[in-house]
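J.: sequence first, predicted model second:
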Amino acid sequence: MHLDSKDPLEFSRFTIFLDAFDKRVITLMAKKRKQSQSGIIRYIIHNWIESYPTILKESYDIDMNNITGEIKIVDHPQVIQDLSQNSDQHSNLKRSSDLSRITFSLDAFDERVINLMAKKRKQSRSETVRNLIHNWVEGNTNILKSNYDIDLNDITREIEITDYNQVIQNTIQKLIRYSELFNEIEFDILAEQLKISRKILRDIIFEHNNKLEKLGVKLRIRGKLIVKE
């Protein structure tokens with residue numbers, strides 16, 4: 001690919017995987033602005049690039065003026081700033097801490113910067129974009145709060161609750177299977193076997209005992225033992 005022959009308005013496609021935290025922020029930003037997630041990602045990348053020319057120069061040896069001249073961009077900023085032109089809508093939140101896949105596109109200018117950043121750090125373009133997005137999110141808490149009504153502390157708590165509930169449900173299913181193998185077992189041994197903390201195991205036995213009993217398992221704690229009745 002020869003960048004100097006590429007139409008500056010032509011977009012190059014990227015695919016990245018975001019964790020639940022950054023995906024949630026982008027989802028809420030897209031919902032607030034009624035834009036696509038890919039459009040929000042393009043905005044974040046371009047905003048970061050334009051906001052930190054000194055970092056690009058000092059840490060990555062990237063001169064913005066050289067790239068502008070190389071690609072011969074005339075109206076590049078308008079390409080990104082008008083997010084309302086995006087027609088695809090992908091605002092579904094993946095309620096999991098697993099990485100979530102998003103495909104988006106960049107124009108020649110931002111693509112060139114990302115390529116140079118990735119080359120300098122000897123990492124993939126996807127990893128470079130992931131780090132950039134996360135840094136932008138963490139560095140713009142005030143903008144997220146004032147312009148998008150997004151509180152990062154709320155998102156952290158939401159994800160922690162979601163992850164905790166998922167651990168509880170997964171552990172209950174494992175506990176049902178393991179209960180066929182014992183009549184009584186030491187509390188610590190069972191917690192270790194389930195790969196959970198003692199607190200989570202206590203929570204399951206005390207707070208989810210009705211669900212366990214509906215699934216045919218009745219457990220009680222007796223001293224250091226868990227007994228199946």
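T.: Received the coordinates, thanks.

J.: quick one: the longest helix that the chain contains to chain centroid distance?
T.: Within the chain, and with DSSP state H defining each element, the longest helix by residue count is helix 152-178. Distance of helix 152-178 from its chain centroid, counting by CA atoms, centre = their mean, to the nearest Å, is 17 Å.

J.: can you list the buried residues in whichever helix or strand comes after that helix?
T.: Stepping forward along the backbone from helix 152-178, the first helix or strand reached (DSSP states H and E) is strand 184-186. Buried positions in strand 184-186, judged by neighbour count with 16 or more other CB atoms under 10 Å: Ile185. C-betas here are computed from N, CA, C, even on glycine.

J.: show me what strand 184-186 pairs with in its sheet, parallel or antiparallel.
T.: Counting by DSSP bridges, the strands paired with strand 184-186 are strand 225-228 (antiparallel).

J.: residues in contact with the partner strand: which ones?
T.: 179, 182-187, 190, 205, 217-221 (CB atoms under 8 Å, 6 or more residues apart in numbering).

J.: remind me what the longest helix of the chain packs against, helices and strands.
T.: In terms of contact count using 3 or more CB pairs under 8 Å, 6 or more residues apart in numbering; DSSP states H and E, helix 152-178 is assigned the packing partners helix 20-33, helix 187-194, helix 198-207, helix 209-214.

J.: flag every buried residue along whichever helix or strand comes after the shortest one.
T.: Looking back up the chat, that one is helix 209-214. Using DSSP H and E, the helix or strand that directly follows helix 209-214 along the chain is strand 219-222. Within strand 219-222, the residues scored as buried using 16+ other CB under 10 Å are Leu219.

J.: check stretch 37-48 too.
T.: Taking 16+ other CB under 10 Å as the basis for neighbour counts, the residues of stretch 37-48 that come out buried are Gln37, Ser38, Gly39, Ile40, Ile41, Arg42, Tyr43, Ile44, Ile45, His46, Trp48.

J.: show me the two of the contacts of strand 225-228 that sit farthest apart.
T.: Of all pairs drawn from the contacts of strand 225-228, the one with the largest separation by CB to CB is Glu186 and Lys218; the distance is 18.3 Å.

J.: circling back: in JSON lines, list the helices and strands packed on helix 152-178 along with mean pLDDT.
T.: Below are the helices and strands packed on helix 152-178 laid out as JSON lines (pLDDT from 0 to 100):
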{"stretch": "helix 20-33", "mean pLDDT": "94"}
{"stretch": "helix 187-194", "mean pLDDT": "93"}
{"stretch": "helix 198-207", "mean pLDDT": "92"}
{"stretch": "helix 209-214", "mean pLDDT": "92"}
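
J.: looking at those helices, which is nearest to Ala118?
T.: With CB to CB, the closest approach to Ala118 among those belongs to helix 20-33: 18.1 Å.

J.: can you give the distance of that closest one from its chain's centre?
T.: Taking CA atoms, centre = their mean, one finds helix 20-33 lying 9 Å from the centre of the chain it belongs to.

J.: packing partners of that helix?
T.: Packed next to helix 20-33, using 3+ CB pairs under 8 Å, 6+ apart, are helix 37-51, strand 100-107, helix 125-139, helix 141-148, helix 152-178.
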